[in-house]
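>>> one predicted model, sequence on top.
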Amino acid sequence: MSNEKTAGKPAGNLISPAENTWCPGCGNFSIEHMMKSALAELAESKGIPLEKFVIVGGIGCHGKLTDYLNVNSFYAIHGRAIPLATGIKLANPDLHVICFVGDGDTYAEGLDHLVFAAKRNADITVIVHDNRVYGLTTGQYTPTSPYGFKGRSTPDGITERPINPLELMLVSGATFVSRGYTKKLKPLKQTFKDAILHEGFSFVEVLQICATYFNLTDCYNDQVYDLEGIDTTDFDQALAKAREWDYTSLARIPLGTFYDRKMPVFGEKFRHLEKRTRSRDEAVRAVLEEYR
Ligand code: SF4
């Protein structure tokens with residue numbers, strides 16, 4: 001079944017006509033276009049209707065993606081995209097919920113939500129646009145800015161060390177952990193497809209170029225390499241690989257899927273309870289009655 005028939009929107013129309021205000025050269029474009037292709041290919045190859053995809057965006061330059069991708073979307077408040085995505089999935093388990101967040105948005109304001117979604121194995125996909133700077137507010141440091149980073153709010157350089165989000169997600173319970181780079185397009189698209197199809201909490205950290213406030217293209221081009229031949233069910237190996245680079249050093253940066261395990265998903269028990277009590281329609285009617 002083609003995606004035209006399933007959703008009434010050909011793949012070419014997955015980019016909306018909204019005016020794009022990202023800076024030229026921004027890595028957000030790669031994420032937008034690889035996600036567009038990933039959705040189109042999943043619609044085509046798996047027969048998933050496009051209306052079954054829902055995207056949720058946080059606050060930051062990345063969040064504009066909710067306007068630019070022509071699928072059902074919701075623009076959340078700062079740091080709160082993940083609980084919203086979790087709620088959407090619980091309310092309608094047939095949907096594929098993809099959450100786009102920034103490094104400031106989710107590693108600072110929304111960190112507790114990120115950790116708890118991983119701990120619960122919420123069945124959502126989280127894509128982090130990690131440009132390691134607050135781009136929308138013109139260049140302040142974030143939790144993944146390197147040690148010594150000089151930004152608008154820290155002209156003498158920061159004296160804190162960055163967090164390692166992959167390490168954090170692994171120890172928090174994420175069942176799919178991957179890292180991509182906005183200059184490596186094909187692997188990025190494949191990672192998006194794998195993450196969306198994963199049953200459980202899938203976390204994709206994308207090293208995203210901010211062309212205006214923190215352009216790390218040369219560093220990343222020198223440092224990245226593809227993970228090959230690893231056992232993605234081996235937690236200790238995944239952790240060791242995640243620790244190879246600490247977000248400041250000039251060590252090599254592994255790209256690819258570090259960890260991929262199947263575990264019980266948050267919400268399964270809720271659906272079980274629902275069957276034993278009343279239908280969703282009855283439950284919704286009961287809530288509405290309270291407000292009459
Ligand atoms: S400020 Fe940086 S992240 Fe924001 S649109 Fe411009 S290049 Fe992209």
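Sure, I can see it.
>>> which residues of this protein lie near the ligand?
Residues of the chain lying close to the ligand by Cβ under 6 Å from any ligand atom are 22-23, 26, 28, 61, 131, 135-136, 210-213. Yep, even glycine has a C-beta here, placed from its N, CA and C like the rest.
>>> name the nearest residue to residue 242, sequence neighbours excluded.
Distance criterion Cβ to Cβ, 6 or more residues apart in numbering; nearest residue to residue 242, sequence neighbours excluded, is residue 166 at 3.9 Å.
>>> for the one you found, the count of nearby residues, please.
25 (other Cβ atoms under 10 Å).
>>> likewise residue 158?
For residue 158, the tally of surrounding residues (other Cβ under 10 Å) stands at 18.
>>> that one should be in a strand, yeah?
No - per DSSP: H, G, I helix; E, B strand; the rest coil, residue 158 lies outside any strand segment and is coil.
>>> and the pLDDT for it?
Residue 158 is assigned 97 on the pLDDT scale.
>>> ok, now residue 289?
Looking at residue 289, its pLDDT stands at 88.
>>> with residue 2 instead?
pLDDT at residue 2 comes out at 41.
>>> what about the residues of the chain next to the ligand, which are in helices?
Within those, membership in helices is found for residue 28, as judged by DSSP state H.
>>> need the residues of the chain next to the ligand in JSON lines with distance to residue 204, can you?
Output for the residues of the chain next to the ligand, formatted as JSON lines (distance: Cβ to Cβ, whole Å):
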{"residue": "22", "distance to residue 204": "19"}
{"residue": "23", "distance to residue 204": "23"}
{"residue": "26", "distance to residue 204": "18"}
{"residue": "28", "distance to residue 204": "14"}
{"residue": "61", "distance to residue 204": "18"}
{"residue": "131", "distance to residue 204": "15"}
{"residue": "135", "distance to residue 204": "19"}
{"residue": "136", "distance to residue 204": "21"}
{"residue": "210", "distance to residue 204": "18"}
{"residue": "211", "distance to residue 204": "21"}
{"residue": "212", "distance to residue 204": "23"}
{"residue": "213", "distance to residue 204": "22"}
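>>> can you lay out the residues of the chain next to the ligand as a markdown table showing neighbour count?
Converted to a markdown table, the residues of the chain next to the ligand look like this (neighbours: other Cβ atoms under 10 Å):
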| residue | neighbour count |
| --- | --- |
| 22 | 18 |
| 23 | 13 |
| 26 | 24 |
| 28 | 28 |
| 61 | 24 |
| 131 | 31 |
| 135 | 27 |
| 136 | 16 |
| 210 | 22 |
| 211 | 17 |
| 212 | 17 |
| 213 | 19 |
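>>> so what's the residue count around the nearest residue to residue 42 once chain neighbours are set aside?
Computed as Cβ to Cβ, 6+ apart, the closest residue to residue 42 that is not its neighbour in sequence is residue 48, at 5.2 Å. By the criterion of other Cβ under 10 Å, residue 48 has 20 neighbours.
>>> residue 48 is in contact with residue 96, isn't it?
Yes - the pair residue 48 / residue 96 is scored as a contact, 6.8 Å apart, by Cβ atoms under 8 Å.
>>> what segments of the protein are strands?
53-57, 72-75, 96-102, 125-130, 176-181, 202-207, 224-226, 253-260 (DSSP state E).
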